[in-house]
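Participant: The following comprises the amino acid sequence and a computationally predicted model.
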Amino acid sequence: MGILEVKNVGKRFGGLQALGDVNLSIAENTVHAIIGPNGAGKSTLLNCLVGKLIPDTGSVMFDGQSVLGRKPYEINQMGISRVFQTPEIFADLSVMENMMIPCFAKRDGAFQLNAISSIPSQKDMIERAEHMLDDMNMADKRAMHAGSLSRGDKRRLEIGMCLSQEPRLLLLDEPTAGMARADTNNTIDLLKQISEERDITIAIIEHDMHVVFSLAERITVLAQGTPLVEDTPDKIKGNPKVREAYLGE
Ligand code: ADP
Ligand code: MG
């Protein structure tokens, strides 16, 4: 059993069947990529996993518990963190201030104002934020405005903010979209480091095949809302069905 089990998930928008019948199992402590052409349903699938959308059919189980019907913040508290296509940081705050935000509350008491007793002391929060900045190799940028960071560093900060919540599953939707090659390579190195050093499962939606083949241990190819094939990177590279549907050959 994987840490995430998606069974027979379907999602329709009006007349459009965005997801047909998705079955997906993501093994714990692996890096699993989901690839597929534009409009294949990748973001829709991700939205169904984090409570932003409710599938019409099927089930989504995380660590043996259903996520369906739960609110996004509840799913986040269960241990799933998500990085969006556009970095979600506070541009007018400093890097350190951004990093302190998720340190206000860990998963068990996230942002519940009535749970005052679970809010850590300011000293604890500062220590945790500093520790995470060190881990992210951003300590020297702590006083900078987050808005003035490079695209790669914005992503790095955002990923650090997600990790502060100590998720067991990190979901990333095209984390290197719009990045220059150097920033993309930095992001690949960061994700490699995270998967090696932490007890964490990473599911990544990605267009850039260089990123996919640098990181993924398993790859699921989604086409027209349905998984076409799931395999190791080497097998995916040589699969004629994938070349036809995705690589356009
Ligand atoms: P991908 O992320 O693989 O590019 P999406 O999941 O964003 O694909 O979209 C899958 C299909 O569903 C596309 O045809 C898209 O236009 C459609 N779609 C996505 N979100 C909505 C929505 N909120 N309302 C209507 N159609 C949508
Ligand atoms: Mg998308």
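Facilitator: Yes, it's here. Numbers count the residues shown, from 1 in each chain. Ligands and ions are numbered 1, 2, ... in the order given.

Participant: end to end, how far does stretch 50-60 reach?
Facilitator: 10 Å (C-alpha to C-alpha, to the nearest Å).

Participant: Go through it and flag the buried ones.
Facilitator: Judged by neighbour count (16 or more other C-beta atoms under 10 Å), stretch 50-60 contains these buried residues: 50, 51, 53, 55, 58, 60. C-beta here means a position set from N, CA and C on the backbone, and glycine is covered the same way.

Participant: so the fourth one sits right up against residue 19, yeah?
Facilitator: Yes - when contacts are counted by C-beta atoms under 8 Å, residue 55 is listed as touching residue 19 (7.0 Å).

Participant: Need the residues touching each of these two.
Facilitator: 9, 10, 11, 48 (C-beta atoms under 8 Å, 6 or more residues apart in numbering).

Participant: Including distance to residue 209, could those go into CSV?
Facilitator: Output for those, formatted as CSV (distance: C-beta to C-beta, whole Å):
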residue, distance to residue 209
9, 25
10, 28
11, 26
48, 25
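
Participant: Restricted to helices, list those.
Facilitator: Counting by DSSP state H, the part of the shared contacts of residue 55 and residue 19 found in helices is residue 48.

Participant: which one of the shared contacts of residue 55 and residue 19 is nearest residue 67?
Facilitator: residue 48 (8.8 Å; C-beta to C-beta).

Participant: mind checking how far that closest one is from ligand 1?
Facilitator: Separation of residue 48 from ligand 1 (C-beta to the nearest ligand atom, to the nearest Å): 10 Å.

Participant: Next up, the contacts around that residue.
Facilitator: With contacts defined as C-beta under 8 Å, 6+ apart, residue 48 is in contact with 9, 11, 19, 54, 55, 60.

Participant: The same query, at a cut-off of 7 Å, please.
Facilitator: The contact partners of residue 48, taken as C-beta atoms under 7 Å, 6 or more residues apart in numbering, are 9, 11, 55, 60.

Participant: Looking at these, spot the one nearest ligand 1.
Facilitator: Of all these, residue 11 has the smallest distance to ligand 1: 8.2 Å, by C-beta to the nearest ligand atom.

Participant: Ramachandran angles for the nearest residue to that closest one once chain neighbours are set aside?
Facilitator: In space, and not counting its chain neighbours, residue 11 is closest to residue 19: 4.2 Å by C-beta to C-beta, 6 or more residues apart in numbering. Backbone torsions of residue 19, given as degrees, to the nearest 10, read phi -120, psi 130.

Participant: What is the neighbour count of residue 19?
Facilitator: A count of neighbours around residue 19, defined by other C-beta atoms under 10 Å, yields 29.

Participant: The longest helix along the chain - contacts with which helices or strands?
Facilitator: Assignment by DSSP H gives helix 181-197 as the longest helix of the chain. Counting contacts by 3 or more C-beta pairs under 7 Å, 6 or more residues apart in numbering; DSSP states H and E, helix 181-197 packs against helix 151-163, helix 209-215.
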